[in-house]
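Asker: what would the 3D arrangement of this be:
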Amino acid sequence: GGERGSPGWESYELNDVIPTILARYPILPERRYHAIAGVSMGGLGAVYLGGRLPGFFGSVASLSGFVDPQFFAAITQPGMGLTALAPFKGDDDLDPVDGPPSGFYSDGHTPPLLTTNLQQTRVFQSTGTGLPSQAGLSARGATPEVLEGSALESLIIYPMNQIYHAALAAGGIDVTYRAAPGGHDIPDFNGEIKAMLAWGLFQPVADNPAMWTNDTVATSGQLWDVDYHFDQPPTQLVQFRQFGSTLSISAAGSAVTLTTSAGCSIHTATPTTIGLPGPGCQ
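Answerer: Modelled structure (predicted):
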């Protein structure tokens, strides 16, 4: 029902992979030089994890991304009559990862419901429409792989990207959207990568905004200059909202410890509204 535990991919990416990269390579410190991008399920990971660590990633990119798990759950429900989706359902039951589609844990992993987490982030979003592209046909012809990739893109990936783009636009997010003929295959992914690189992953972005909002179901994380760690995993979607030196946290079903970039620590029940300490933790 949305198990938290092993394997803990979110914690692995955020707490192990990123620090390892920073330790091994000469990465520039500014937020504008940190980007995360992914294809298909990796596109879901990119926009989701970018929102989990907004103070680090300046740009995120989703290429033919599986960006709406709840849409997929809805169209693959028994009785929907969409027999063409049967090959894509298989054993890919998302409940063990995201919980029931109508549950809070699923809401906390569904990008169209989390666009506010990318308010200060540049977003590149691309998708094929499912119509066979010249690149796909030239590479393989009308082979079963190309036809299956076109069906996957037209029935699943393209509709969910339309939903996600509408949510990003409604939220006022800085998004560049590209929808073009193509399926779920390497030749078309290559075209999306070229478009992403032309867009530019390392352009100027805002640093240390005075106002931000973030919705999460995570037990711990970092939001701009504040680290958080709940005593117990949240039992509902939790909203953090900062306005100047005031931070509000909605009900989480647990108390939380906050640690500022200056090392000041606060332990408080939720919901709460607090004043963040200034220099010297005063």
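
Asker: next, count neighbours for Asp207.
Answerer: Residue neighbour count, defined by other CB atoms under 10 Å, stands at 12 for Asp207. Any C-beta I mention is one placed from the backbone N, CA and C, and that applies to glycine too.

Asker: and if you look at Leu258?
Answerer: The local packing of Leu258 (other CB under 10 Å) involves 21 other residues.

Asker: excluding chain neighbours, give the residue nearest to it in space.
Answerer: Spatial nearest neighbour of Leu258, excluding adjacent residues (CB to CB, 6 or more residues apart in numbering): Ile266 at 4.6 Å.

Asker: quick one: low-confidence ranges for this structure?
Answerer: Residues of the chain meeting the criterion pLDDT under 70: 1-7, 79-99, 136-137, 139-148.

Asker: and the residue nearest to the spatial centre of it, what is it in contact with?
Answerer: Note on the chain: the residue nearest the mean C-alpha position is Tyr48, at 1.3 Å, using CA atoms, centre = their mean. Tyr48 sits next to His109, Pro111, Leu114 when contact means CB atoms under 8 Å, 6 or more residues apart in numbering.

Asker: in terms of helices and strands, where is it?
Answerer: For Tyr48, the host element (DSSP states H and E) is helix 41-52.

Asker: next structured bit after that helix?
Answerer: Scanning forward in sequence from helix 41-52 by DSSP H and E, the next helix or strand is strand 59-63.

Asker: give me the sheet partners of that following strand and which way each runs.
Answerer: Strand 59-63 pairs in its sheet with strand 35-39 (parallel), strand 122-128 (parallel), by DSSP bridges.

Asker: picking that back up, tell me the SS of the residue nearest to Leu258?
Answerer: Here Ile266 is recorded as strand under DSSP: H, G, I helix; E, B strand; the rest coil.

Asker: how close does it sit to His165?
Answerer: 38 Å (CB to CB, to the nearest Å).

Asker: over to Ile173?
Answerer: Separation of Ile173 from His165 (CB to CB) stands at 10 Å.

Asker: and Asp207, by the same measure?
Answerer: 26 Å.

Asker: do Pro279 as well
Answerer: From Pro279 across to His165, the span is 43 Å (CB to CB).

Asker: A strand includes Leu131, no?
Answerer: No - according to three-state DSSP, the state of Leu131 is coil, so it is not within a strand.

Asker: got a list of what the closest residue in space to it that isn't next to it in sequence touches?
Answerer: The spatial neighbour of Leu131 that comes closest, neighbours along the chain excluded (CB to CB, 6+ apart), is Pro181 at 4.2 Å. Contact analysis of Pro181 by CB under 8 Å, 6+ apart lists Gly128, Thr129, Leu131, Pro132, Ser133, Gln134.

Asker: can you map out the strands along this structure?
Answerer: With strands called from DSSP state E, the chain shows them at 35-39, 59-63, 122-128, 174-180, 211-216, 220-223, 226-230, 238-243, 246-249, 256-260, 265-268, 272-275.

Asker: just the residues contacting the fifth one, thanks.
Answerer: Contacts of strand 211-216 with the rest of the structure, by CB under 8 Å, 6+ apart, involve 51-52, 54, 108, 113-114, 116-117, 119-120, 223-224, 234, 237-244.

Asker: just the buried ones from those residues?
Answerer: The neighbour count (16 or more other CB atoms under 10 Å) marks 51-52, 54, 108, 113-114, 116-117, 119-120, 223-224, 234, 237-242 as buried among the contacts of strand 211-216.

Asker: and the nearest residue to Ser154 once chain neighbours are set aside, backbone torsions?
Answerer: Excluding the flanking residues, the one nearest Ser154 by CB to CB, 6+ apart is Gly130, at 2.3 Å. Taking degrees, to the nearest 10, you get phi 100, psi -20 for the backbone angles of Gly130.

Asker: how close does the residue nearest to Leu131 sit to Arg52?
Answerer: Going from Pro181 to Arg52 by CB to CB gives 33 Å.

Asker: ok, Glu192 next?
Answerer: To Arg52, Glu192 is 23 Å away according to CB to CB.

Asker: same deal with Ser64?
Answerer: Here the criterion is CB to CB. By it, Ser64 lies 21 Å from Arg52.

Asker: what sits against the closest residue to Val217 other than its chain neighbours?
Answerer: Using CB to CB, 6+ apart and skipping residues adjacent in sequence, the residue nearest Val217 is Gly108, 3.1 Å away. Shown in contact with Gly108 (CB under 8 Å, 6+ apart): Leu114, Asp215, Thr216, Val217, Ala218, Leu237.
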